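K.L.:
Structure for this input, please:
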Amino acid sequence: MMKAPTVFAMDDGVKFIQVSTPFRQITAISGYWIDDLRADDKVIDIGANVGAFCIRAAKRSQHVVAYEPVTGDLLEKNIQLNGVQVKVIRAALGIGGSVGIDWDNCRVLTPSYTLGEMIRIAGGCDFLKCDCEGSEWDINPRDLCRIRRIEMELHLPPIGGAPDPALLEYICREFEFTLDRVPSHGPLGSLGILHAWRSDQ
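P.N.:
Prediction:
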């Protein structure tokens, strides 16, 4: 007889399956701001991992799409466990075409889409959460033009390539923002989490 997987609940009641995997399972969203997520927001979660952000977002909005190239099986099980509606697309942010993703002890070949393509597939985006290990620098700034809120982890080499000045300039011009910097003793390659919002929305 197969043993049922262990389930644990976080302090806010969100549940996750506990199972051994070759990748980190991220279950908390302490670094991301979500309190202003609106019920009618179209939400995109890029780099959804096992569902920490998208499951909580789906308790506030009925329009959540999660892009995840590595951990899709466990992500879908956690979504089902919590009884929320999230559309899962197994793909990565990039410039298009197939890409190899190395993360923890996993390597996958996955489709990649530009942010503009991801938004089109999802049917729009008001609230973007993005944690994609350096691929954020592939974002074309004009693809942010209709987004109201951004929660984005920013990376420096050796995680991904060098920051794109055009993307940073666009965000500085079009959004109000703050950046929670990673302490100097933090992991190599992490810059911090960007919290950005359009002041006119």
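
K.L.:
Check the burial of the closest residue to G134 other than its chain neighbours by counting its neighbours.
P.N.:
Nearest non-adjacent residue to G134, counting by CB to CB, 6 or more residues apart in numbering: G160, 1.4 Å away. The C-beta positions use only the backbone N, C-alpha and C, and glycine is treated the same way. The burial count assigned to G160 is 17, neighbours taken as other CB atoms under 10 Å.

K.L.:
same thing with Q25?
P.N.:
So Q25, with other CB under 10 Å, has 18 neighbours.

K.L.:
Likewise for S20?
P.N.:
Residues near S20, counting by other CB under 10 Å: 5.

K.L.:
Can you list the neighbours in contact with stretch 139-149?
P.N.:
36-37, 41, 93, 114-116, 119, 124-128, 130, 150, 164, 166-167, 169-171, 174, 196-198, 201 (CB atoms under 8 Å, 6 or more residues apart in numbering).

K.L.:
So which of the residues you listed belong to strands?
P.N.:
L93, F127, L128, C130, I150, A196, W197 (DSSP state E).

K.L.:
hmm, back to that, surely the residue nearest to G134 touches E136?
P.N.:
Yes: using CB atoms under 8 Å, G160 is in contact with E136, at 7.5 Å.

K.L.:
Grab the nearest non-local neighbour of W197.
P.N.:
W197 sits nearest to R149 (CB to CB, 6+ apart), 5.2 Å away.

K.L.:
Kindly state the beta-bridge partners for the one you found.
P.N.:
Beta-bridge pairing of R149 under DSSP bridges involves F127, W197.

K.L.:
Show the buried residues in the contacts of stretch 139-149.
P.N.:
Buried by 16 or more other CB atoms under 10 Å: 37, 41, 93, 114-115, 119, 125-128, 130, 150, 167, 170-171, 174, 196-197, out of these.

K.L.:
if we can go back for a sec, now for the residue nearest to W197, how many residues are close by?
P.N.:
There are 22 residues near R149, going by other CB under 10 Å.

K.L.:
Quick check: the gap between it and I34.
P.N.:
Taking CB to CB, to the nearest Å as the measure, R149 falls 9 Å from I34.

K.L.:
repeat for G124
P.N.:
G124 is 19 Å from I34, by CB to CB.

K.L.:
try L168
P.N.:
Taken as CB to CB, the span from L168 to I34 is 24 Å.

K.L.:
what does S135 give?
P.N.:
Applying CB to CB to S135 and I34 gives a distance of 22 Å.

K.L.:
swap in R60?
P.N.:
7 Å.

K.L.:
which residues of the chain score low on pLDDT?
P.N.:
Applying pLDDT under 70 to the chain flags the ranges 1-4, 182-189, 201.
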